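> the sequence isn't on hand, but the structure is:
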């Protein structure tokens, strides 16, 4: 079976959208040296969050400058790209926290508006953003189903299960996972858990720097991190193989043995 090469790229964005576009394109170019089928960039790559303020003025439509830059980069380097942005909504003060999936030919394959807003650990993302519809978003890249999740979504196993039920072989998770007591442990534990319980791959690209934990990685269906970035900017690359998924599911048929099913509401 043909493998799919996935690169997870790690960096920190700012509220300088021009600089973020330049950095995003540069990361795609850096990852392209490894000839990946998919490059995953972090959540909020277009612009960082504004604690205590509003991200409304930073938001763009799906045909704005940020998406156009990534479509051009994907087409130039012949790789699909997933990245996070703030997308304009009906409420100009509360845009969506959106992931966009772009094909290697530059076409917009799918977009996912974050369902679970980060109203936890003393922060209220819902004060700045509008939650998306409660439905799984899966697209196909290189013959594999790619399920889209964003950061805090990782803490809700029912979403990952719904994505796998909808055909996801890989859970792709851009994030801006805030540093804090035990937060890094939560991040790595939950990435492994989502992989193990769904016997699928997880590809997570996180922001780093003073605010966020970094630790971007690709986790295989047994919960093993097969490629990882530490705290610094960088790119990690791993081959994702359908054969590995099938092998693990033969040995651990937990999906077929389960007695409950998840229906998104």
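Received the coordinates, thanks. Quantities reported herein were computed from a predicted structural model and do not represent experimental measurements.
> all contacts plus neighbour counts: C-alpha atoms, from now on.
Fine.
> any low-confidence regions in the chain?
Low-confidence segments of the chain, defined by pLDDT under 70, span residues 1, 262-265.
> find the nearest non-adjacent residue to residue 124, please.
Using C-alpha to C-alpha, 6 or more residues apart in numbering and skipping residues adjacent in sequence, the residue nearest residue 124 is residue 118, 6.0 Å away.
> can you give me every residue that contacts that neighbour?
Listed by C-alpha atoms under 8 Å, 6 or more residues apart in numbering, the contact set of residue 118 reads 124-126, 152.
> buried subset of those residues?
Restricting these to buried positions leaves 125, 152, with burial counted as 16 or more other C-alpha atoms under 10 Å.
> helix, strand, or coil at the nearest residue to residue 131 once chain neighbours are set aside?
Residue nearest to residue 131 in three dimensions, not counting chain neighbours: residue 115, with 5.1 Å by C-alpha to C-alpha, 6+ apart. Of the three states, residue 115 takes coil according to DSSP: H, G, I helix; E, B strand; the rest coil.
> residue 115 reaches residue 133, doesn't it?
Yes. Because the distance of 6.4 Å satisfies C-alpha atoms under 8 Å, residue 115 is recorded as touching residue 133.
> quick one: which of those two has more around it?
Neighbour count, other C-alpha atoms under 10 Å: between residue 115 and residue 133, residue 115 has more, with 21 against 12.
> separation between the more buried one and residue 96?
Look at residue 115 and residue 96: by C-alpha to C-alpha, to the nearest Å, they are 9 Å apart.
> now do the shared contacts for those two.
131-132.
> just the strands in the stretch 1-150 of the chain please.
Here the stretch 1-150 of the chain has its strands, by DSSP state E, counting those that start in this stretch, at 4-10, 38-40, 80-87, 96-102, 108-113, 119-120, 123-124, 138-141, 144-148.
> tell me which of those strands sits nearest to residue 161.
Distance to residue 161, taken as C-alpha to C-alpha, is lowest for strand 144-148 among the strands of the stretch 1-150 of the chain, at 10.0 Å.
> any buried residues in stretch 243-255, and which?
For stretch 243-255, the neighbour count (16+ other C-alpha under 10 Å) marks 244-245, 248-249, 252, 255 as buried.
> got it, and stretch 188-198?
Within stretch 188-198, the residues that qualify as buried by neighbour count (16+ other C-alpha under 10 Å) are 188, 190-198.
> ok, and what's touching that stretch?
Stretch 188-198 is contacted by residues 154-155, 157, 160-161, 164, 201-202, 204, 215, 219-225, 254-255 when judged by C-alpha under 8 Å, 6+ apart.
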